[in-house]
Structures are given as structure tokens and as C-alpha cells.
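S.K.: please work out how this folds:
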Amino acid sequence: MYGFITSATLDYVRTLENGDALAKQVLQQAMGDGSINFYHKYSDQFTLAMVQAASLVTGQTIQQIMAGMGSIQLANFAQQGYLPLVKSLGGNFFECLKHLDMLHQNLVNSYPNMVAPSFRPEFVEDGRLLLHYHSSRPGLWPYAAALLTSIAQELYHIEVTFEVYQTKEAGHDHDVYVVHMPQDELDKARQSGTHQLLKKYSPQKPMRPRDFNSLFPWHLQLNNQLKVVSCGSLLQARFSSADWSNMYLHNVFRLQQPAIVRQDFDAIKAFAGDSFTVIVRDDWYHEAKRLKAEQKRQRRLEKLAKESGTDTTSSALSSSSSSSASSAEMAAFITGSFGDLFIKGEIKYMADSDTLLLVGAPIVSSAEELFLRGIDLVQIPMHSNGRDMLFSTAHQSATISIASRLEEHSKELEQARVHIAVEQQRVHDLLHGILPKNVVSALERGETPEVQQFHSVSFLHSTIPNFDSIVGSVKPSQTMDFLNELFSKIDSLCEKHELYKVESVNDTYVVASGLPEPKSDSAERLCQFAIEMLQTAKTVRSPVDRTPILLRVGIHIGNVIAGVVGDARPRYTLIGKGIDTAQRMEETGVAGAIHMSAMAVNKLQESRATVETRKRGEVYVRGQGLITTFFLVGLKKVHLKLIPRKQDFDTTQHKHLSAEDDSDGETENAQTLARTTLKRQFFTVHVHAANSAPIPLAGVSSELTLRDIVETTHGTVSAGLPTRVYADSKHTCRVLLDASLGDLVYHGWLAPKYTQSSEATSAFPELTVYT
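M.R.: Numbering: from 1, shown residues only. Next up is the predicted model:
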């Protein structure tokens, strides 16, 4: 079936609620990716699959789907420009039914592979109007009935219904339906086709047979036994050895339309006044048929030879066939190139002689067909309009071919447009993930976003303490997979709490709350995010030893200015002391805990946020001196897992630096640290516990930097300024410092060189290293 049948399925589904989404599901189930071309021919199996998919998706029966297709098909025909052609079929609905076959026969020229149904209206003795319906495709009647009903309503403004009279399922050769329509329309229908002469006229000189043959050189006249009594000269010429004294209809023609199962005189007579289409059984027809049979036989012999293992080129196989290889090639050529000669015309009943006269002319759609069928243009009668039809059909076929290609291109362009729209949306979403919405909107308008100042913005700064150790221990791809898993989960939390992700560089993840759109609960949102962030990080395993990841988190609330920097790669940049302090909170924090400034806690309390904190004490912050800090341990209730260990609250080592002025982050006390050229060196530090031999420091065997934290079985090696190390008597830690081996200052005992040690002031040794 051509695409106008198949596309009607989708068009009907689109008329339903949620139609576009349902149509996509139908198309996906029936053919996957792709689209339907109105002019393309599809197999009956594909069309049935499309209807079945529509039935499954919509929950309607196949009959309901077919009826729905027919109900909207007239609108499709109108859109394709066929409505005037349908209107021209007759002045009333009966005449339209009567000439439907003629319409189908003419459409065959443009749609050569179309197998159309046949319709024949007939009045019976009791006054009822019957519609004879012939179709090789069972189940299409609901579609045809709905389409005919639409034609009656839209073009003739009447209501019609169809009642089953007989069906093929009941053993009849075709379906018949009773047509119910208004009585005045039935009266008009009975008068259709009757013509009354204005005055009687009798020709003085009847037409001579020679003149009749000249006008109708392709005619065929049959008696009531369907025996040929007259035949056109051009038709006779195509039968070189025929005995015309004993020729019947079936010897000359193979009737295609109208579809008559029992072809006798009365059955054909019932179609008097209707059009017909026949295939001429001439010499070419029989030769092509013979060669087709020979070609089929040759393939069968080759198949048998292949199954038996016989050489298909053997002389036995060649001699078993009556035709040579050249005849097989000729068969392939004829069956592939030569087509049947079709004649179309009108059936007339001649009452005076009780004969049937079939008057017509060859059907050709191109000059090539003229040659392949062995006829010339002059052999087509001029009065038949066949010559005009030849050129108009060729033009129409070319037009349809162009329309088909245009439709394909239009669908491709539409698919490309949808793809571009998807890509644009993807880029749009990506930009919104990198830049704030108001900044993206300004850039899309070609404007430069204004610099903004924000007050009381909440900042979170986090790192993975032992990240350098991980990078040095696994493959780069494993590191990237690990970071992608961790940061993707944190990104989801950002979206959940509507926070702005400032950046994620190396192992650092920075988040802001309260910009670019201030929120009254921005600080509380960030605290909840921080708690969930730590919990989520523990679900990610280290690629080194598969232990849960512990983040070091710092939070501060302060002022900041924000704006876009750069043209080629614009970046939303935040500048201010607030974001720097959040970083300092992280640097002086501990793994698995949330370290907060006193200002952040005060702002939370001012906003009446219910936060649970634990005071840590005064901590030395580079550039700010000693400030009071807290650990966040919950919102509304305490999370025990958020409470740091007792030793994490010790700030003695931080107070040690309180006398130093490190406001610019660069100046350091020369008496505390002997500076030399920076280089990487390995060393192992030993200390003395009280009344004991030297004890190696606790730790891990992998390399560490001062920015790392490594959880071990017996303690924690933490880093930053200062670095605090806990030790026992069983483990050794190899520490990699980004500094020279100058003097090292220990809290609790002093060792000018790492090879020296002194007694500890505590039974459990604690070592603080300032670099």
C-alpha cells in the first residue's frame, strides 16, 4: 500500500489526546527510527504492523483504528490536492460511487503499483441500493466505509450508512453492503445516467464498419456467448496466428476491472456504462509468459542440482533444459523490460444486436512504454485523449516523484531542525550549569553582564585530603573515573538545594548559596548541603584501597562581588574575603568534619536557623590571625558521625603562630623556618615517647604531601599549616615534604634536625611540623 494509507494511521492517532506522543510510540514500535512518505509504497505486512501498533498503543480495536484512518483521510487528500478530482466524479453520491473505479484506474498511471479495490453501486428490484465491494485485502472495509461516509458528508452534505448484505467470510465471492441515504438522494440516483433526446433523430446513413474500425481500432464486440464478432484492426494485428472465427473473450482479454469473479455475459452486462481495464493476451503476452515459465523451471533445476551436489554447468543439466543459456537470458530480459499491454475504455450494451461492445485504447504513461509494448503514438486514437494523457501522465509522474523527494527532504530537514533544537537546548543547559541564568540570558542577548555585589553569601570549600596520594598510586583513567563519580553525585546535591557551583578544580569543590539570586535561607541550605555532601562522599570508594572518601569542608559567610571575566571563554568570577575565609576554614579543618567560622554561626543564628555546633576554639588563620571557629554537627538534631574526635578540638599548635603576622599569605618567621631551595625529599621521622625507645610515626606506605589527610588503622596523618601526626609503635610513615630539610619545629619537644629527638611531654606522642 502507498504511504497515504499508512500515514493515515499516524494522522488519526495524532487527533487523540496526547496524540503526538502516542504517534511517536506507534512509529517506534512499527519501524523504529524513520518516517512515512506519502508517495512511497509499503508492503501490506508493514501497513498491518502499523495498524496493530496503533491498536496496542491507543487501546482501540483494529476496526476502530481503520475507521479512524478513513475518517481523516479526506482531509489528507485535500491537502495533497486531490479533492477537486474527487468532486468531479459526479453530481451526487451515487455517481461518485459509480465512477470510483475510473478514478482508481487513472491513479494507476501515477501509482503504478497500486492495487485498488472495486466499487459498483446497483439498484435491486425492491428499490434498495447495493454497493458491491471487491478487495484482495480483507479487513479494509471499515477504512473504506469511513472514507465514503466522509465524502458523502463533506462533498454532498448527506448522511449515509452501510449495512452488511453479504460477505466473503460467509462464502460469497465478494462483499455487498446496503447503502442507506435520504430518499430524495435515492431518487436522484435512479435518474443518474438517463438522457432524453430533445428530438428524435435517425441517421440516414449508418456508419460503415470500415469507418467504425478506423475510429475504434482497439474495440472488441462479443455476443451473448462472449464469442468475438468484431475486433479492431490494431488489436487483430497483435495476434499473428489467431483463428478469429473461434475466438472468445478469454482468448483476447484478461479482465482486470471491473472485478468480476464469474465472467459471463450477464455479469459483464451489469457493468454496462462503466469503465473497464483489460490485459491483452497477444503474441507478446504469451511469449513473455512462456519465457517466465522457462526461467522458473531453470531456477528449479539449478536448485535441485545444488541440493544433489551436481555441477550446474554440466552437460546433463544443460541438455535437460529445452532452452539454452541465451533463452534464459532472453526470458530475464523480457520479464524485466517488457510489460503487459493494458487497454482501458467503456463497456456498452448493444440492445439491437444483444452484444457487448468494449471500446477503448492502450494505456501508456511514457514514451518508453510505447516502445516496450510495440506500439506507436499514432496508433492511439486521437479522440481517446490517450496522447494527451501520455504527456500529462508523464508530467504528473515526474511531479509526484519530485513531491516524494521534497517530502523526504522536508522530513530530513525537520529531523535536522529537531536535532539542532536538542543540541541548542543541551548547550543552553550546559551554559546554565556553568554560568548563572541571568548571565546566560545577558550573553545570549549580546550584552555584557553587570558586576554585582552580594552581601551575606554562604561559601563552602572542600577538598580530598589525600588526593595527591591517590593520583600517584593509580592510573589517570581511574583518577578521572573516581572524580567523575564523586563530583557527579555532589552536582546532583547542588541542583537539589538550588546552590551555585563556583568551580571544581583538581580535588577542590566550591559552592555558593545566596547568589546570583539571594535567598533568605541560603545559609541553612548550604549547611544541609554540607551534611549530605559528607554522607554522599562516603558512598564513593578510594581507587587505592576501596575505603570511603572523607572530605575536609570549610564554611564561611561574607560579602563578595561577582562578574563575567573574559570574552572567548567567559567565566563568572567571585572576588572577596568571604570565599578566601571559607578556604582557610577548610585548610584548618579535619577530615570528615565541617569547619565553620564564628561569623557563619552568628549569621545562622540571626536567621533563626536551628543549627547544632561544637566550639573548637581559636584557630590561627593565615592572613587573619587567631579567630574562633566551630564544627557543624547537625541541623535541628545532632549527627553523631559529624562530631570530630577529642584531639581534633586541640588548637595549641594554631596558637603557636598567633604572634606571627601572615596577613599576606607569604611572610613567614625566619626564626621558625630555615628557608632553602624547594625540592622533594623522602625522610622518616622518629620521636621518643616518655621513658621509651624511639617510635616511628603512624601513617601509610604511600607518599604524602602537607595538603593530605590519610586515615589509617591506628591514627590520622593530617596536613596543612600546621601538620599534626599521631603515632603508635607499629607503623612507619614516609612523608614527602615540598620543602628543604631545614630546622623542624615540634610541639612538645624540639629537634633541630630530623635525626634528633627528645622526650615527649605526653605519654601519647604528638608531633606538629611547621613548614
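
S.K.: what about the helices in the stretch 551-700 of the chain?
M.R.: 577-587, 598-606, 652-655 (DSSP state H, counting those that start in this stretch).

S.K.: sorry, wrong one. I was asking about the stretch 1-150 of the chain.
M.R.: Using DSSP H, counting those that start in this stretch, helices in the stretch 1-150 of the chain cover 3-14, 19-31, 44-58, 62-79, 83-87, 93-98, 100-110, 141-156.

S.K.: now do the shortest one: which elements does it pack against?
M.R.: Helix 83-87 makes packing contacts with helix 62-79, helix 141-156 when contacts are defined by 3 or more Cβ pairs under 8 Å, 6 or more residues apart in numbering; DSSP states H and E. The C-beta positions use only the backbone N, C-alpha and C, and glycine is treated the same way.

S.K.: okay, buried residues for that helix please.
M.R.: For helix 83-87, a neighbour-count test (16 or more other Cβ atoms under 10 Å) marks 83, 86 as buried.

S.K.: turn the helices of the stretch 1-150 of the chain into CSV, columns for mean pLDDT and distance to residue 643.
M.R.: Shown next, in CSV, are the helices of the stretch 1-150 of the chain (pLDDT from 0 to 100; distance: least, Cβ to Cβ, whole Å):
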stretch, mean pLDDT, distance to residue 643
helix 3-14, 80, 61
helix 19-31, 84, 52
helix 44-58, 86, 57
helix 62-79, 87, 66
helix 83-87, 82, 81
helix 93-98, 88, 89
helix 100-110, 70, 84
helix 141-156, 91, 74
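
S.K.: which stretch among the ones you listed comes nearest residue 346?
M.R.: The closest of the helices of the stretch 1-150 of the chain to residue 346 is helix 100-110. By Cβ to Cβ, the value is 9.3 Å.

S.K.: list phi and psi for residue 411.
M.R.: phi -70, psi -40 (degrees, to the nearest 10).

S.K.: likewise for residue 244?
M.R.: Backbone torsions of residue 244, given as degrees, to the nearest 10, read phi -70, psi -10.

S.K.: picking up where we left off before, okay, the helices and strands packed on helix 83-87 in JSON lines with distance to residue 53 and mean neighbour count next?
M.R.: As requested, the helices and strands packed on helix 83-87 are exported to JSON lines (distance: least, Cβ to Cβ, whole Å; neighbours: other Cβ atoms under 10 Å):
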{"stretch": "helix 62-79", "distance to residue 53": "10", "mean neighbour count": "19"}
{"stretch": "helix 141-156", "distance to residue 53": "16", "mean neighbour count": "20"}
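
S.K.: redo those helices as JSON lines? Include distance to residue 288.
M.R.: Formatted as JSON lines, the helices and strands packed on helix 83-87 follow (distance: least, Cβ to Cβ, whole Å):
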{"stretch": "helix 62-79", "distance to residue 288": "36"}
{"stretch": "helix 141-156", "distance to residue 288": "34"}
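
S.K.: in the stretch 201-350 of the chain, which spans are strands?
M.R.: Secondary structure of the stretch 201-350 of the chain (DSSP state E, counting those that start in this stretch): strands at 220-222, 228-231, 253-257, 275-280, 342-350.

S.K.: which helices and strands sit right next to the fourth one?
M.R.: Put plainly, it is strand 275-280. helix 100-110, strand 253-257, strand 342-350, strand 355-362.

S.K.: ranking the ones you listed by burial, who's on top?
M.R.: Across the helices and strands packed on strand 275-280, averaging neighbours per residue (mean count of other Cβ atoms under 10 Å) puts strand 355-362 on top, at a mean of 22.

S.K.: direction-wise, compare that one with strand 342-350 and give the angle.
M.R.: 150 degrees (axes from the mean of the first three to the mean of the last three Cα atoms, to 10 degrees).

S.K.: and the helices in the stretch 201-350 of the chain, which stretches?
M.R.: Taking DSSP H, counting those that start in this stretch, the helices of the stretch 201-350 of the chain run over residues 209-215, 233-236, 249-252, 265-269, 283-308, 315-320, 325-337.

S.K.: bridge partners for residue 359, pull those for me.
M.R.: For residue 359, the beta-bridge partners are residue 346 (DSSP bridges).

S.K.: and it, how close does it get to residue 130?
M.R.: 27 Å (Cβ to Cβ, to the nearest Å).

S.K.: ok so, going back, which of the helices and strands packed on helix 83-87 sits closest to residue 257?
M.R.: Proximity to residue 257 (Cβ to Cβ) singles out helix 141-156 among the helices and strands packed on helix 83-87, at 16.3 Å.
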